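**Q** coords below, sequence missing:
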């Protein structure tokens, strides 16, 4: 796609969703380091998310996490968001923070706990109805820590039953996105450990069941862009949870650990037209900023996704196809690397100016004094974090 | 299964197939260290395989690798095997050792190469007709070394086309077993890198397409017993290629690197009844003995699978189920560990004596003088190895 | 060591230290699931540790974690322990849970924070003086999350400076044990990520600086027994933090994930005489029981170390040496496996009876009603956990 | 280093050595795919290496591998090289391709084999005397495949003895570079598996013993730039064997798999002044081009190292230091990323023109018709490869 105009148009249309929980405090099991000016309510999280959109122009939605973002009136919350220029995105269910879930939620051997977990999932669909959300994100921390602890196969039966019940409840324009993760917090078996498991369950259910790829949830050495290409080919890529990692589920800013990998992933997305809104691929961030300022970290992450997408859009598809067809290994690689090695920051600065934005979102945000303002305002109350 | 009689009966019925190529020389890319007394022909490989069966009593079949084991008359080769007390097992195709396959076989961008590869696969089915083999093993080394080198998605299209053609050719009692492998010899993308990919292709084709799990072909940290349990639940576990590894595809003797993992795998197999012959799970060895004597290494490997199976059969399924249902993590783990910690060698020695065998297969084989005999006989000719 | 009497004597002399923090609540970043009857004070943790010793007979010391176990009078705490039949073992420093340590403790770019961290370490030596502890455990969570965040080399300079100051403060009979860890909570660079780093710092300082091997702190594929053998050869193995893992620092019960690995480690220890008390190798547990009962989990872990040690002591060293010298790969491996495959539980039951203990520690503990007693007694107050 | 002139001068001074064996055929254990125009003699390999220097201007030396490059007269070979504008670089010893070495070379239990291996190493120093080489590269494939196969500690004793003998033989201006590797071809224990092992042996011997970092020889997740920074701080980084990998020792072109990692490594090198010739860090390629044209692959690799170095030289060190000192995580990371995101290809094109070279080395090489020429000339004889 050599036409710069077309590249810019595509970048303008690509939307990146930020997660409400990225604005609250988070950390590791060793320590949560609290930050300044952290929001105390879902509304204040939305305020922060609106800042990210204000400076990037491509982050017009914010994902909720239930019950962390539980409110009495979700329609009012959606209206609150709209007034700030953003909208409510995916609804993220949480069936891992109640004491009942120690041995699992929907796969728990105890039917009472399973019922409780399912009720929560169904309630999340109610919330989607109220917020107008399209996507329900399902992540199950379910699994076991010790060999023998529970029956691997029976847990799959229970999982299938719960997924089926949720699927039945979905409206015509609603989907669920099933997330997989290699490990943590389960340390022996995780009940949805890989894309194959998520895919198999989705295929049994139908087109409203889609797989979501969290870029930090794979075994070492996994080729993520292969999975992305495969799921796109099968029509089963519901979206991304973007973040990055050197080791495990490190939850660093997307593109921070391996920008070339992010580019390769976006190359497969662009190759399949997945960057266009009508493809239905949700580009979501799912990161936990442990030591870096949160809003600034989100802005940087949105920019990183944009830069990777811009490079992917710059790949000379015709030259690439020809070199591939010729079996010219080095020439084909060179076509890809030529796009990757291009400095796309000037192009993105131009695009932002055309969109009426500051060409440097970070600098503009820092100049705005927003952080100092909320540090001053957000006194008292409890800073949001995981669990609040 | 606390009844020792039932345990022994189950062990008697479990057959473990050895691969013809394990009897020839093999090595790493750095060096193939030739061994003494190595067979020079498919017939001599069968002679060696018959030794393994002679001393273990549970290895009555030998897998072939085409073209390494190419002969003019496969029916005669099958008869040769029968006369030595064994039979021909799975047919392993080889589309990785011809210069044409440098950039892939069935996924090669060049249609001529794809056609050649497919013809080879179809020829393997002809051989199955002649030998009476049930299973065609499909392993594709296909993949790419560099990002951009070829189109990931287009290669899947080509793969699907080839698999479909092979599937159509299969007889009513024939299956193909599709093998996956994370990497090597491809170092960027492998076209069938994980069980999910193999599974998805098999599901599209039908019940005669099954997944084969090579225990050495996974990313670090992968829970293999989960995959086994999942595939058994889906009716898609066609069999195993057993070996073991500390790092990559090390191809050590099965059970040598992590005997507890082998036990956990066999526990899932037994849990699902997969050890019974009618389940259709093929228990095959696929190992390359680089530095250890080959026949002796195969005998040890067969014994290792037996020992793991015996321990799995000794698991107190009722006590396990109860502890799991009670959510008693340590009790459930203890039930499993109790079986694992049991020394099953006396039980297996007894079983062998009941079968009219020496209780110690290794000692009996060493006493037999077979190796010295073949060292003396197999003079001249070319020792078999990969590629011959 | 074929003499069963000698094996038993060696097992009797091997002591395994349990950590005070294993008796409090712990969990993952996702959730800490509280347990019943959890201690609220250092004294109650010692009470629980005394139970483990009571039933195993080989766990006569308990490690403290400062400030989690901070008390006004450490000599009194030591006396409290002695009265319950145990003693205070290693002192574990904590420079990771104060907000000042967000960007590091002794490697922090801010000299004020470095000074604060060093003062804590020196205070820990004061506590050692009061408790009569020999070992100071140094684990630094220090590191960075992002490339460029801080200067890798300057952080080593700061680390060296702090280690030197602590070393100078040590008494004649005191040592520090420097722990390494691949990652977590730092996600890009960890300042002491591997044994080489710990070793290099220790060698510069002198014999009172020793390396401690936490069995869960390595990259995938690392051969831990090699490190153990190497450090023993160099006289630099100060001790173990035992636990087990399938993925990262999972902190499962030692021996739960890979009992064969634990055996191989103990084989190297026994090979070098490291199991004898005079070798100065501290056998410590460092595990976090997230979902399993804590005291019971510790008893099981102590038993797992004992079983691995017993198997290692049963290795026929002469036969092994001979097979190794002959280059008989399979025979040498078989000698090792023969010991591993032996069921040592009867031997350990006998040993316990000779020591006046119940042959089945778990059953005896469960029968004792201790847990129910403390559940009833420990009402009110705050259950101990990380940070308390 | 913001001064573009200084950046260019530094790039001009940085030399990258290519390995003679990269010009011969190589492959995986599955297949060696022969290429066209492959050299048949050491002289022809030097001819090819001279091409790489001709077009890049920064590759003036070529490493030899003994006995693959054995000749009768090494002084004459050195003269041959000089006439072609290059010189002989490091001498690489080979103690892994003789049948005697199946169970090890310098660590073999058999003293006769150890003596033979040592003799070869000493002979390599003789060759260094003749060629004027400074560096002897020591890579030992030594290790074991099975637990128990040999004694880990005794092998270290034997290794230490051999290294000491080689060290004693070195001339005043000669060094050895000790290479480490996680695994392959040994699959259980490798005798020099990590940098800590290499470092410990070197420290015992003295300053002429240095560690060489092969960028493909680490466990998954290893932070290589940390090792580089640490060794530079200790004065023990003798050089690099550059290549890249997604999985194991894939031996892809350096920078092909993770260009950001290569940049981070070069950042640590530049940070410590290691890019200046007087620092004594040897920048060597060690890659096996399995499917790509060899000379072209080497040119690309040299360019990749240059591009990473150029970016590292562009890092604004003052701004970085300030942000690090301020604890501004995102600003510090941004300084580093700013350099990485810069497209340095125009700068390098300029530099080449200033050096009298074509700005596009690949295009110039392809235009030259060299490959077609040698394809025509190199008829008959045996194409060089591993072992020849």
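**A** That came in fine, so what should we check first? All of these numbers come straight from a predicted model, not from anything done at the bench. Numbering: from 1, shown residues only, chains lettered A, B, ... in the order given.
**Q** contacts and neighbour counts: CA atoms only from here.
**A** OK.
**Q** In which helix or strand does the residue sitting nearest the centre point of chain A reside?
**A** In chain A, the centroid-proximal residue (CA atoms, centre = their mean) is residue A:241; its distance is 2.4 Å. Using DSSP states H and E, residue A:241 sits in strand A:237-242.
**Q** again with residue A:120
**A** helix A:111-131.
**Q** residues in contact with that helix?
**A** Under the criterion CA atoms under 8 Å, 6 or more residues apart in numbering or on different chains, residues A:66, A:74-75, A:77-78, A:88, A:91-95, A:100-101, A:105-108, A:134-136, A:162, A:165-166, A:169-170 lie in contact with helix A:111-131.
**Q** what about the helix or strand following that helix, distance to the chain center?
**A** Remark: after helix A:111-131, the chain's next helix or strand is strand A:135-138, criterion DSSP H and E. Strand A:135-138 sits 11 Å away from the centroid of its parent chain (CA atoms, centre = their mean, to the nearest Å).
**Q** who does strand A:135-138 touch, helix- and strand-wise?
**A** Secondary-structure packing of strand A:135-138 (3 or more CA pairs under 8 Å, 6 or more residues apart in numbering or on different chains; DSSP states H and E): strand A:87-92, helix A:111-131, strand A:175-179.
**Q** In TSV, list those along with mean pLDDT.
**A** Listed next are those as TSV, based on pLDDT from 0 to 100:
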stretch	mean pLDDT
strand A:87-92	98
helix A:111-131	98
strand A:175-179	98
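**Q** Same list, these, but as TSV with mean neighbour count and distance to residue B:202 please.
**A** As requested, these are exported to TSV (neighbours: other CA atoms under 10 Å in any protein chain shown; distance: least, CA to CA, whole Å):
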stretch	mean neighbour count	distance to residue B:202
strand A:87-92	26	33
helix A:111-131	19	31
strand A:175-179	26	22
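**Q** Would you format these as JSON lines with distance to residue B:154 included?
**A** Output for the helices and strands packed on strand A:135-138, formatted as JSON lines (distance: least, CA to CA, whole Å):
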{"stretch": "strand A:87-92", "distance to residue B:154": "32"}
{"stretch": "helix A:111-131", "distance to residue B:154": "37"}
{"stretch": "strand A:175-179", "distance to residue B:154": "26"}
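**Q** returning to that earlier point: need the pLDDT of the residue nearest to the centre of chain A.
**A** Per-residue confidence (pLDDT) for residue A:241: 98.
**Q** what separates it from chain D, distance-wise?
**A** 21 Å (CA to the nearest CA, to the nearest Å).
**Q** Equivalent analysis for residue A:286, please.
**A** 18 Å.
**Q** just residue A:62 next, same as before
**A** Taken as CA to the nearest CA, the span from residue A:62 to chain D is 23 Å.
**Q** Could you do residue A:374 as well?
**A** The gap separating residue A:374 from chain D is 19 Å, by CA to the nearest CA.
**Q** Please apply the same query to residue A:88.
**A** Residue A:88 sits 28 Å away from chain D, going by CA to the nearest CA.
**Q** was I right about that residue contacting residue A:69?
**A** No - using CA atoms under 8 Å as the test, residue A:88 is too far from residue A:69 to be in contact (11.4 Å).
**Q** In the stretch 1-150 of chain A, what residue lies closest to chain D?
**A** Closest contact between the stretch 1-150 of chain A and chain D, by CA to the nearest CA, is at residue A:35 (13.3 Å).
**Q** re the thing from before, who touches the closest residue to the residue nearest to the centre of chain A other than its chain neighbours in this structure?
**A** Counting by CA to CA, 6 or more residues apart in numbering or on different chains, residue A:214 is the residue found nearest to residue A:241 once chain neighbours are left out, at 4.2 Å. By CA under 8 Å, 6+ apart, the contact list for residue A:214 reads A:179, A:180, A:181, A:240, A:241, A:242, A:243, A:286.
**Q** Kindly recompute the last result at 6 Å.
**A** Counting by CA atoms under 6 Å, 6 or more residues apart in numbering or on different chains, residue A:214 touches A:240, A:241, A:242.
**Q** Now it, what are its backbone angles?
**A** Reported as degrees, to the nearest 10, the phi and psi values for residue A:214 are phi -90, psi 120.
**Q** Hmm, residue A:104 and residue A:142 touching each other?
**A** Yes - with contact defined as CA atoms under 6 Å, residue A:142 counts as touching residue A:104 (4.6 Å).
**Q** now residue A:249, what's its secondary structure?
**A** Following DSSP: H, G, I helix; E, B strand; the rest coil, the label given to residue A:249 is coil.
**Q** what's the closest non-adjacent residue to it?
**A** Closest residue to residue A:249 apart from its sequence neighbours, by CA to CA, 6+ apart: residue A:216 at 5.0 Å.
**Q** same deal with residue A:325?
**A** With CA to CA, 6+ apart as the criterion, residue A:325 has its nearest non-adjacent residue at 5.7 Å, and that residue is residue B:109.
**Q** So what's the residue count around that neighbour?
**A** Residue B:109: 20 surrounding residues under other CA atoms under 10 Å in any protein chain shown.
**Q** Is it in a helix, a strand, or coil?
**A** Put simply, residue B:109 is coil when judged by three-state DSSP.
**Q** and the residue of chain A positioned farthest from its centre, how far is that from residue D:364?
**A** What lies farthest from the middle of chain A is residue A:326; by CA atoms, centre = their mean that is 37.4 Å. To residue D:364, residue A:326 is 21 Å away according to CA to CA, to the nearest Å.
**Q** Quick check: which element contains the residue lying closest to residue A:89 once chain neighbours are set aside?
**A** Counting by CA to CA, 6+ apart, residue A:89 lies nearest to residue A:63, which is 4.6 Å off, once chain neighbours are set aside. Here residue A:63 sits within strand A:61-65, counting by DSSP H and E.
**Q** That strand: partners in the sheet, and parallel or antiparallel?
**A** strand A:16-19 (parallel), strand A:87-92 (parallel) (DSSP bridges).
**Q** Need these in CSV (columns: distance to residue B:56).
**A** Compiled in CSV, the strands paired with strand A:61-65 are given as follows (distance: least, CA to CA, whole Å):
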stretch, distance to residue B:56
strand A:16-19, 60
strand A:87-92, 55
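**Q** Identify whichever of those strands lies nearest to residue A:307.
**A** Counting by CA to CA, residue A:307 lies closest to strand A:16-19 out of those; the figure is 12.4 Å.
**Q** Tell me which residues are up against that closest one.
**A** A:59, A:61, A:62, A:63, A:283, A:284, A:285.
**Q** pretty sure the third one is touching residue A:89, no?
**A** Yes - the criterion here is CA under 6 Å, and residue A:62 meets it with residue A:89 at 5.1 Å.
**Q** what angle sits between the helix or strand harbouring residue A:167 and strand A:175-179?
**A** Here residue A:167, judged by DSSP H and E, is contained in helix A:152-169. For helix A:152-169 against strand A:175-179, the angle by axes from the mean of the first three to the mean of the last three CA atoms, to 10 degrees is 160 degrees.
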